[in-house]
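In: Sequence plus the predicted model coming up.
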Amino acid sequence: MSRLMLLVALLLLTFSRCSQDEEVDNKDEMVLIKGGNFLLGNHFELNRKNGQPVYEVVLKDFYIAPYEVTFEDYDAFCKNTIRKLPDDLGWGRDDRPVINISWMDVVIYCNWLSQQNGYIPAYDINRGKVEIDWEATGYRLPTEIEWEYAALSQGQNERWSGTSVVDSLSQYANGKDTIDNYLHTAPVGSFRSNRLGLYDMSGNVAEWCWNWIWSDSDSINVYDPRGYNAFNLRAARGGGWNSNANELRCTQRKATRADLPRHDIGFRLVRSVIRQSLDPPHQQE
């Protein structure tokens with residue numbers, strides 16, 4: 001065999017192995033979000049208090065699910081663990097986003113699904129207190145900052161996920177003021193995705209996040225900030241079927257009681273990409 005043919009064979013073998021490794025590592029068909037520098041917050045309307053102040057942060061890569069977790073997904077967990085099914089209020093189950101689940105319900109679901117798929121669970125639950133292992137391979141909730149970065153297609157200058165034009169919002173979001181065929185929740189993926197292929201980041205249901213919301217009194221870690229582990233209140237981002245256009249904005253910050261299941265809050269899954277280093281923020285000239 002010539003040296004050229006040998007080199008080609010080795011390259012093909014390497015490519016095959018890399019493809020197999022990627023498939024095994026991402027067998028749940030999640031979207032890889034490449035990290036980087038990001039302006040967190042509302043820099044469109046600096047006079048609007050919600051979404052202020054604006055921070056420059058650096059995020060690591062992570063995986064995120066393209067769709068919100070559905071009743072079909074969550075019902076399988078309930079039946080497997082002998083838990084009561086959450087109420088769909090007659091709006092439909094199957095491929096509609098699960099609602100009426102608390103933040104703690106979501107944490108328990110994440111650990112269960114991690115075990116089902118052979119991942120290391122991300123959460124340690126002890127007497128109602130939750131700690132997270134950021135280096136675990138299992139499913140978890142996004143931080144509020146990861147959520148906003150993904151909703152904005154890796155930090156694009158958009159008001160809503162997928163668009164900044166209010167007249168086109170009905171194509172991207174199921175909300176209170178949008179014109180569509182859904183009075184309440186819609187089947188996931190019924191509207192257009194953002195640039196990363198993520199659906200319903202604005203509207204349908206707001207989405208639980210890991211941490212408490214950022215405020216103007218907070219100091220923030222520049223490198224991969226993770227927020228406060230305040231159990232009683234957690235961020236719920238993106239707005240839902242009953243939210244107006246302002247409430248559907250990607251930078252809109254809202255917190256709710258972690259123990260309170262609601263008919264307008266669901267969730268989507270993320271997973272960490274392990275073993276990364278971070279570059280410092282770019283210097284502004």
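Out: The structure has been received and is ready for your questions.

In: Neighbours of the residue nearest to residue 247 when sequence neighbours are not counted, how many?
Out: Leaving aside its chain neighbours, residue 247 sits nearest to residue 239 (4.4 Å; criterion: C-beta to C-beta, 6 or more residues apart in numbering). No exception for glycine: its C-beta is placed from N, CA and C like everyone else's. Applying the criterion other C-beta atoms under 10 Å, we find 29 residues in the vicinity of residue 239.

In: Correct me if wrong: residue 239 contacts residue 201.
Out: No. Counting by C-beta atoms under 8 Å, residue 239 stays clear of residue 201, with 9.7 Å between them.

In: Isn't residue 99 up against residue 266?
Out: Yes. Judged on C-beta under 8 Å, residue 99 makes contact with residue 266 at a distance of 5.6 Å.

In: what residues are shared contacts of these two?
Out: Overlap of the contact sets of residue 99 and residue 266 (by C-beta atoms under 8 Å, 6 or more residues apart in numbering) consists of residue 205.

In: the more surrounded of the two?
Out: Using other C-beta under 10 Å, the more surrounded residue of residue 99 and residue 266 is residue 266, with 30 against 27.

In: The more buried one contacts residue 208, correct?
Out: Yes. Checked against C-beta under 8 Å, the pair residue 266 and residue 208 is within contact range at 7.5 Å.

In: any idea of the pLDDT on the nearest residue to residue 206 once chain neighbours are set aside?
Out: Leaving aside its chain neighbours, residue 206 sits nearest to residue 236 (4.2 Å; criterion: C-beta to C-beta, 6+ apart). pLDDT, residue 236: 94.

In: same deal with residue 155?
Out: At residue 155, the model reports a pLDDT of 81.

In: and it, how far is that from residue 37?
Out: For residue 155, the distance to residue 37 (C-beta to C-beta, to the nearest Å) stands at 8 Å.

In: picking that back up, the residue nearest to residue 206 sits in which helix or strand?
Out: Assigned by DSSP states H and E, residue 236 belongs to strand 233-237.

In: do the same with residue 115
Out: Using DSSP H and E, residue 115 falls within helix 103-116.

In: Show me which residues of that helix are buried.
Out: Residues 103, 104, 105, 106, 107, 108, 109, 110, 111, 112, 113, 114 are the ones in helix 103-116 that count as buried (16 or more other C-beta atoms under 10 Å).

In: Tell me where the model's unsure across the chain.
Out: Low-confidence segments of the chain (pLDDT under 70): 1-28, 42-53, 213-221, 223-225, 227-231, 276-285.

In: Could you rerun that using 50?
Out: Applying pLDDT under 50 to the chain flags the ranges 1-26, 46-47, 216-217, 283-285.

In: Quick one: the helices in it, in order.
Out: For the chain, applying DSSP state H gives helices covering 3-25, 71-81, 103-116, 144-151, 169-172.

In: Show me the contact partners of the second one.
Out: The contact list for helix 71-81, computed with C-beta under 8 Å, 6+ apart, reads 83-86, 88, 92-98, 101, 109, 112-113.

In: Looking at those, which are in strands?
Out: When DSSP state E is applied, those are split such that none fall in strands.

In: Which strands or helices does the helix holding residue 115 pack on?
Out: helix 71-81, strand 123-126, strand 139-140 (3 or more C-beta pairs under 8 Å, 6 or more residues apart in numbering; DSSP states H and E).

In: just the ones you listed: most buried one?
Out: Of all these, strand 139-140 carries the top mean neighbour count, a mean of 27, counting by mean count of other C-beta atoms under 10 Å.

In: which helices and strands sit right next to that one?
Out: Contact here means 3+ C-beta pairs under 8 Å, 6+ apart; on that basis strand 139-140 packs against helix 103-116, strand 270-272.
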